[in-house]
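*Asks:* Provide a 3D model corresponding to the input given below.
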Amino acid sequence: MTKATSWRLFTAPILAAALASPLVVGCEVADENGEDGENGLPGVGSVSCAGRIEAKAEALELAVNGLMKAAGEMKAELIVACAKIANDLEPDSVEDPGDPGDGSDVSDDDVTAACDAASAAIKAEIEASGEIAVEVQGGKCEVAAEAQMNCEASCDVKAECDPGTLDVRCKGSLSGKCEGECSGTVTCEGSASAAANCEGKCAAECTGECEGTCQGSCDAECTGTCDAECTGTCSGTCTGTCDGECSSENAEGQCKGTCTGTCTGTCDAECKGTCSGNCEGSCSGECQGTCSGNCKGTCTGSCEFVAEAEVECDAEATCKGECSVEYEEPTCEGELEPPSCEMDADCEAGCEGRASLEAKCTPPRIVITGTANADFAATLEANLPAIQAVVMKGELALDAAGSVKDAAIAVGGEVSGSAACIAEFGADFVEQLEASAKASASVSVSVEASADVSGSASGSSGS
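*Replies:* Residues are numbered from 1 along each chain as shown. Sure thing, here's the model as predicted:
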């Protein structure tokens, strides 16, 4: 039985019964700060829902809303990408998944059907055109740390607990916009809209000098394979014009053989000269594409500098290291350490769940190599990033759903012990739990479907 299934079968009915049961109300009432009454139940007999129960219920409500929102977003992003792959490839053996629009009004069954169609289409294309290699470059998820800390501050109704600062509590890598110099072990995080300065390993598109294999356009001499017109020496068969001696010609009078001079046309082996398309090899000028070695220029993804340095990441790029001034919009790639002060565990769990569910995920870049045709590679490179992002976000969402479930059971018991809390949260609380159980199941469906598609592209079952 999965987490989602067990939650749906047990949690909501138990809490519904608890919230509907009669109360044994004590004579003492909780004070305005939510102190326990004489019978030991927090807030029992109070004319208003005890402060600390209210804070926990509200934190849980935000986490539940976050789970439902995350489930809907994952479902929409996934079905659009899966349907696009299936419709682009259109094998005769695969049922057309149709047009899902923006994916905002689809069922879990619709998602499964579309992704099954995409997986089948990918497998059929690989069988027809040969093996492919899928390279995943970059991609990450950052929890909404600021939202978590703001939520934790509201957990302490007496304001006796300071949640601390992000730079102290971040377990992983702290990053953010740096208006000064980024130093130490530097990683500058660029994007398609804001490339970062780079002098090191670029996980996405490099524009500049490439000390290694360039796979992309080259504005100077390319020494390697060229998928379009080569103008230079060709170590294999030249198909086009040859300004030297050509070993053989085709019916149109073009050279189709070895050329002892400059070949202008296609070359089925190494081209040494200019390439009008994509070059895969060394580039003596500016490379715009992936670079297997050090990139010296700009990078649209993560750039790890080759040695400790002090650099300006530029534009809206993100610095991961030490910033000479205070970070702007800092984020934490990883979880937060618990606050140093004692905080209610159920309320904190709700806050942690919210942070994971509101995580910002940057899709990876996908590079397809092998014997696949250009259209097949193009649709995978365009749509697999969104599918991979669902896998990444789904792992966080499933973990968060487990934490939210445990906190819900505990908070539900406390809510059921207060007439005022039942009046304020009771009906909505049960309704939200049932909706979140459904959302958790939906996340599981999306994660499984996205893994199947990714596995198909990698030549495995994905299960």
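
*Asks:* show me what contacts the residue of the chain positioned farthest from its centre?
*Replies:* Most distant residue from the mean C-alpha position of the chain: residue 245, 54.2 Å away (C-alpha atoms, centre = their mean). With contacts defined as C-beta atoms under 8 Å, 6 or more residues apart in numbering, the neighbours of residue 245 are 259, 260, 261. C-beta: built from backbone N, CA, C; applies to glycine.

*Asks:* mind pulling up the pLDDT for it?
*Replies:* In this prediction, residue 245 carries a pLDDT score of 94.

*Asks:* which residues does residue 79 contact?
*Replies:* Contacts for residue 79 were tallied using C-beta under 8 Å, 6+ apart; they are 100, 103, 106, 110, 111, 114, 115.

*Asks:* sorry, that was for residue 288
*Replies:* Contact partners of residue 288, counting by C-beta under 8 Å, 6+ apart, are 205, 206, 207, 216, 217, 218, 219.

*Asks:* 7 Å - rerun?
*Replies:* 205, 207, 216, 217 (C-beta atoms under 7 Å, 6 or more residues apart in numbering).

*Asks:* that older thread, now the contacts of residue 79 in CSV, with pLDDT and distance to residue 139?
*Replies:* Shown next, in CSV, are the contacts of residue 79 (pLDDT from 0 to 100; distance: C-beta to C-beta, whole Å):
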residue, pLDDT, distance to residue 139
100, 87, 24
103, 88, 21
106, 91, 24
110, 93, 26
111, 94, 21
114, 93, 22
115, 94, 19
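
*Asks:* in ChimeraX, how would I select the buried members of the residues you listed?
*Replies:* What follows is the ChimeraX syntax selecting those of the contacts of residue 79 that are buried according to 16 or more other C-beta atoms under 10 Å:
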select :100,103,106,110,111,114,115
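
*Asks:* of the contacts of residue 79, closest to residue 443?
*Replies:* When the contacts of residue 79 are compared for distance to residue 443 (C-beta to C-beta), residue 111 comes out closest, at 11.0 Å.

*Asks:* backbone dihedrals for that closest one, please?
*Replies:* The phi/psi pair for residue 111 (degrees, to the nearest 10) reads phi -60, psi -50.

*Asks:* what does the one 4 residues further on give?
*Replies:* Note on residue 115: its backbone torsions stand at phi -80, psi -30 [degrees, to the nearest 10].

*Asks:* off-centre distance for stretch 413-426?
*Replies:* 37 Å (C-alpha atoms, centre = their mean, to the nearest Å).

*Asks:* got it, and stretch 263-283?
*Replies:* Distance of stretch 263-283 from its chain centroid, counting by C-alpha atoms, centre = their mean, is 35 Å.

*Asks:* over to stretch 203-220?
*Replies:* The gap between where stretch 203-220 is centred and where its chain is centred comes out at 25 Å by C-alpha atoms, centre = their mean.
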